Structure formats: C-alpha cells, structure tokens
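*Asks:* got a sequence here, can you model it:
(chains A, B, C and D)
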Protein chains: 2
Amino acid sequence: MTDEDRTISDRIQERLDDLTRAERQLALSILENYPASGLGPLAALAKGANVSVPTVARMVQKLGYKGYPDFQADLRDELGAIAKGPIAKHETWAGAAPSEHILNRFTDAVIDNIRNTLAHMDPAAFDEACAWAADQNRHLYIVGGRITHTLAEYLFLHMQVIRPNLTHVQSTSNTWPHYLLNAEEGDVFIIFDVRRYENNTLKLAEMARARGAKIILFTDQWRSPVHRLADISLTSRIIVPSAWDSLATPMLLVESMISAIQSLNWDATKGRMEELEEIFDQTKLFRKFT
Amino acid sequence: MTDEDRTISDRIQERLDDLTRAERQLALSILENYPASGLGPLAALAKGANVSVPTVARMVQKLGYKGYPDFQADLRDELGAIAKGPIAKHETWAGAAPSEHILNRFTDAVIDNIRNTLAHMDPAAFDEACAWAADQNRHLYIVGGRITHTLAEYLFLHMQVIRPNLTHVQSTSNTWPHYLLNAEEGDVFIIFDVRRYENNTLKLAEMARARGAKIILFTDQWRSPVHRLADISLTSRIIVPSAWDSLATPMLLVESMISAIQSLNWDATKGRMEELEEIFDQTKLFRKFT
DNA sequence: AGAATTGTGAAAGATTTATCTCAGGCCGGT
DNA sequence: ACCGGCCTGAGATAAATCTTTCACAATTCT
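*Replies:* Numbers count the residues shown, from 1 in each chain, chains lettered A, B, ... in the order given. Presented below is the predicted three-dimensional model:
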C-alpha cells in the first residue's frame, strides 16, 4: 500500500499515539464528522473540538502538512477521489469493504432489527416498566438464561449503582436461593428469555406470578411462553445472517432502560455519578468543562 | 418537502435556466466534482471552470447566498448530513413516542455509533482477527474487565461451540490461573477494554505480549492503552445520552466476528452444534422448538 | 519541583473575497 | 452591416477573513 492509497483518516489514526492529549481530542473530533469539519475555517474546527487555535496549527504541522490550507487541500482531494469511485454504491457501512462482506451484511440486519423492534414498541409500556424498575420499594429480581445471562448481568451491574434492593438470579442454576421464595406482592422480576426458551425460566416466572410479583419480560419476536405471565413484554427482533441470534437489539433496549431509570432516580444516584465523573477525569482523556 | 430538505445540487439544477452561459458553465463544473470543488478557494473554482472570479461571486449571490463563504458553509453542512447516511436522517424510531423520548434519542445515538464505527473499521484487520480466532492450533484466551466481562463471556459462550482449546479470563481476578502463564507464541488473546481502562488488563496484555502471543483488542474510540501492544485493535464508538457508555456497538462487532468465524469453521462447528442440541434435549433444559 | 503541554490574547502576514471599471465579445433587431 | 444591450473577463484594489506565530501564564504530567 503506497502512501497515496491511505486516507487522511487512516493517517490520523496511525499517528494517534504521537499526539498529545489536546491534539488527540482534536483528531477524534475531526474523525467524528469526517471530512466536513476539516473543511471549514481553522477557528471553527478548534472551537468544535474545544481546543485552542494554536493546537490545531501545531497538529497539522505534526501530521506533515505545511499548514492548515495544505491539509484542507489534501482532504478535498480525498473527497474528490471518493466521489469518483463507486458512486451509486448501495448503503455500505464499512466503506472499505464490499457490500457482501459479513460486516456489512450483519450490520444491515441489525439496523433492520432495531428499526423493526422500535416500530412495534409501546413507549407507554416501556415507561411503565422503567418506573417499576426504578421503584426502590419493590425488590428487583433480574433473571437470565443460558445465553441471556450476559444481558441480565449487564443490567444488574448498572442497576446496582442506581438502586439497592436487587438480586441477580440465574435461571439455569438448579438451586435457586431460598430468599427467592420471599418475593412479595409488588416486587418486580425482569426476565430475559429468547429462543430456545428455557423451562427453568418459565417455572421461575410461574412462581413469581403466584406470589403476586410484577413481571417484565425481554424476549424475541417469537415470544417466550413467559409472555403469558408477564405484565409487560418488550419484544426484540433478533435475526441476523448467522447460526445464532443477535442480542444487540435487546441490549439497546436494556441500555435505554438503564438510562431512563437513571434519570428517574437522578436525585439518588447523583452522588454516585459525580464519583464516576471523577473517575473519568482520572483517565485524563477529557478537558474539564469550565 | 421544505427548502431544508433540498440539496445544493438540486437547487443549482433547478435554477440552471436562470443562469447565463458562463454561470451555467460554472454550475456544471461544480456538479462535475461535487461537492469537493466547491469547498476550495473561490479562485481555484473559477479556474477549474474556466470562468472569471467575478462570475463565481455573481453566481453564488444569484443563488441566494450572502457570499462565497456562506455558500461553502452550506455545502459543508450538506456533506456532514450525507456522511451520516440516509438512515440517520432524524427519524423517529419508536413512532408512537415523541422524538425526545429516551428510546428515540438513545437509538439515534446507537445508530450513529454504528455508522461511525463501521466507517473507520479496517475490514482486512477484522478478517485477519477472525482468521486467528478461528485457528484451532492457537490457544484462544478471552479477557474481559469489569463491565466488558459480559461481552467477553458472550463471546466465550459462542466460541466454545465453534472450537476447542480456549479459556475465559477475568482480568479483575487477582489470581490468574497458573495455566495462563503457559501461553505460547502464536496463541491469541482477545481482550476487551473500554474506559475506564483497567490496570490488570494492561498487565495481562503485557504478559501475553512478552510470551509472543497475538493480541486482538476490542476498545472504544479513546483506545485503551493496551492498543499499543495489540496486533489488531477494533475500535467502537460508544457514546450515548446516558451516564454510562453503550456496549451495543462492540456487541455488534463481536457477533459479526462470531458469525465470520463460524463460517470459517463451519464443517467442525456443524458437528459440535448438533452434539450440543442433543445434550440440551437430554437435559430438558429447553423447550422443544415447534 | 521541573518539564511538557495547552490556552490566551494579540499582532503581523498572507490569503481570499467582494467590487469596481472598462474593454471586448456576443446577439438580436433593424 | 450596424447598433445597442447584455454578458464576460482582466486587472486592480480595498476590505475582510484567515492563518501563523509570538510571548507568557496556567495547567497538567512525571
């Protein structure tokens, strides 16, 4: 590969290590909205990246350009070359790969899943599920199966920060903790069950139901049998060009829910969030907002 | 269709008749190499179209712009919008909810993350990573951190079905299994590390590197320090309107990788999957899929 | 503590834009 | 063929903008 074949984007990424913090911040900002942001005035670029004007000037020279206009000229050339290429190219996600590449086919499918899932989602039900899960008076049980165990754990991990009074249950475990039987009316079970659906999960749901607990179910488009017991079912489309199903879409829902619950419980979690901010500061990747 | 939806290209073509000969010549030249040529200096554009400088100035004003820079700004905006792709064109995903609903905002961000991640992905590197991970002669270690543990486990779960000779390592564990030290040259480590980056993970990577193992890293846009040791880094964009980051995009990559590896090893995988099905049937853990 | 990085403010320098004037060319009508 | 109106380009120039680079202080890193 000659130097000519390389896009500026590649070049920037390669040299990312040689750059200082502010320069890296700038570089990422350029990549963020590429290549449009680099084609405007230098001052605008600096402002957009929250760095100073001299930092921009310094960086482009570090990248080997005579000056900012020189850098822009290169960007324009590249833009021209791209446009000349496969013009009416069907939506490829990874531009550098053919559309038959697994990355593109897979991403196509996932986007399609997301679109389809959201189109059939009932926002009111979603909001209600969030409200239940946010209610600290209700004990919260999170239940995952063999594959969905990872999703359940992911949710549990975050909920732990947001609120107390919750339990992570693995439905595959053949010895459910005794305290599970202490579930009371009004408690909330968040259950994950996608095909192939698990008998243990169903049994657990039945027990929860019998004790008057609320059930929120994350399932797939074919719907786990648990959905007959569930108060709220959140259904995702999960088919992809693979021998397995995709949990990317359910994960999106879970993360959305975490975000929503976090907003509801903001007062309570604010303190913890500030601690998190401090932790982020320690990574020294960001400027402090002044 | 409002005026906003129209591209500059459209606008120019519409008004082509109102333009004089030299202006038309200029307009066609702009469309010829669109939009790169319009983003350079005015004089360069004039020269490229074989018209004079005043002609350019006159035309952009005729098109309703205050001046050439104004015209360029519009072009840049449009370029930014194009880069986002048709999908991200501010669409409400959950139609039943307002666009400010967390579901819509979150999904917007995730789609944007996916687009951005794929745009900067090097398919060749991805393919090579898949090839390494598929190679059963190399022992495969999968390493996750506190949050990414779930992703690591998810990958491990699937790889178990596809191939033997692999190990799941939790970097947070302070007692790494002894056999980890038996890593040989040519073995492969798949390491997950997103902010905030974990020291244990870095140490583990250093040890792996020292023993001559290959390192494949899943990280975020700010790149874990491990990336300096990694043979292949797969970076994802993970920012969402939430107090936490989103693993949906890395998960998409992981699932794509699983799918790719599964194709490479299909002959072997097929048998293993069938065995697995039998085992599951025997344990009656799962309901038969009818 | 010392070194490196970064931001501020400013000023000089370079480039670019917007305009003007004017001459030459094109074109339709007489 | 000639005229008059309009378009166009050349050259010049003033104004505006942008880039580059200072020095120095503040901040951050080691």
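
*Asks:* what is the least confident helix or strand in chain A?
*Replies:* Least confident element among the helices and strands of chain A, by mean pLDDT, DSSP states H and E: helix A:266-282 (a mean of 65).

*Asks:* sketch out the low-pLDDT regions of the stretch 101-250 of chain A for me.
*Replies:* Residue ranges of the stretch 101-250 of chain A with pLDDT under 70: A:172-175, A:177-179.

*Asks:* what residue in it comes nearest to DNA strand D?
*Replies:* Per Cβ to the nearest atom of the strand, A:Val161 is where the stretch 101-250 of chain A lies closest to DNA strand D, at 25.5 Å. C-beta here means a position set from N, CA and C on the backbone, and glycine is covered the same way.

*Asks:* equivalent analysis for chain A, please.
*Replies:* Relative to DNA strand D, the nearest point of chain A is A:Gly67 (1.7 Å; Cβ to the nearest atom of the strand).

*Asks:* you'd agree that residue is up against A:Val56?
*Replies:* No. Contact criterion Cβ atoms under 8 Å: A:Gly67 and A:Val56 do not qualify, at 10.6 Å.

*Asks:* near DNA strand D, which residues of chain A are found?
*Replies:* Those residues of chain A that sit near DNA strand D, judged by Cβ under 7 Å from any atom of the strand, are A:21, A:41-43, A:53-54, A:57, A:60-61, A:66-70, A:72, A:284, A:288.

*Asks:* repeat that for 6 Å
*Replies:* Residues of chain A lying close to DNA strand D (Cβ under 6 Å from any atom of the strand) are A:Pro41, A:Leu42, A:Ala43, A:Val53, A:Pro54, A:Ala57, A:Gly67, A:Tyr68, A:Pro69, A:Lys284, A:Lys288.

*Asks:* inside helices: which ones of those residues?
*Replies:* Per DSSP state H, helices hold the following members of those: A:Leu42, A:Ala43, A:Val53, A:Pro54, A:Ala57, A:Tyr68, A:Pro69.

*Asks:* count of neighbours near the closest residue to A:Arg115 other than its chain neighbours?
*Replies:* Nearest residue to A:Arg115 in three dimensions, chain neighbours excluded: B:Trp93, at 6.7 Å (Cβ to Cβ, 6 or more residues apart in numbering or on different chains). Here the number of neighbours of B:Trp93 (other Cβ atoms under 10 Å in any protein chain shown) works out to 23.

*Asks:* SS state for B:Trp93?
*Replies:* Here B:Trp93 is recorded as coil under DSSP: H, G, I helix; E, B strand; the rest coil.

*Asks:* A:Ile111 belongs to a strand, doesn't it?
*Replies:* No. Checked against three-state DSSP, A:Ile111 lies outside a strand; its state is helix.

*Asks:* how much space between the residue nearest to the spatial centre of chain A and A:Val60?
*Replies:* Centroid-nearest residue in chain A, with Cα atoms, centre = their mean: A:Leu252, separated by 5.8 Å. From A:Leu252 across to A:Val60, the span is 37 Å (Cβ to Cβ, to the nearest Å).

*Asks:* pLDDT of stretch A:44-57, averaged?
*Replies:* For stretch A:44-57, the mean pLDDT works out to 95.

*Asks:* span of that stretch from start to end?
*Replies:* Criterion Cα to Cα, to the nearest Å; first-to-last residue distance in stretch A:44-57 is 13 Å.

*Asks:* buried residues, it. List them.
*Replies:* Residues of stretch A:44-57 classed as buried by neighbour count (16 or more other Cβ atoms under 10 Å in any protein chain shown): A:Leu45, A:Ala46, A:Ala49, A:Val51, A:Thr55, A:Val56.

*Asks:* and that stretch, is it in reach of DNA strand C?
*Replies:* Yes. Contact of stretch A:44-57 with DNA strand C is found when judged by Cβ under 6 Å from any atom of the strand, involving A:Val51, A:Ser52, A:Val53, A:Pro54, A:Thr55.

*Asks:* does chain B sit close to that stretch?
*Replies:* No. Stretch A:44-57 stays clear of chain B (Cβ under 8 Å from any Cβ of the partner chain), getting no nearer than 9.1 Å.

*Asks:* now do that stretch: everything it contacts.
*Replies:* A:22-23, A:25-26, A:28-30, A:33, A:37-38, A:42-43, A:67-68, A:287 (Cβ atoms under 8 Å, 6 or more residues apart in numbering or on different chains).

*Asks:* among these, which two are most distant?
*Replies:* Spatial extent of these (Cβ to Cβ) is set by the pair A:Gly67 and A:Arg287 at 25.1 Å.

*Asks:* so what's A:Ser9 up against?
*Replies:* Here A:Ser9 is in contact with A:Leu31, A:Tyr34, A:Pro35, B:His120 (criterion: Cβ under 8 Å, 6+ apart).

*Asks:* so where does the nearest residue to the third one once chain neighbours are set aside fall, helix or strand?
*Replies:* The shortest distance from A:Pro35 to any non-neighbouring residue, by Cβ to Cβ, 6+ apart, is to A:Leu75 (5.0 Å). Using DSSP states H and E, the element containing A:Leu75 is helix A:68-84.
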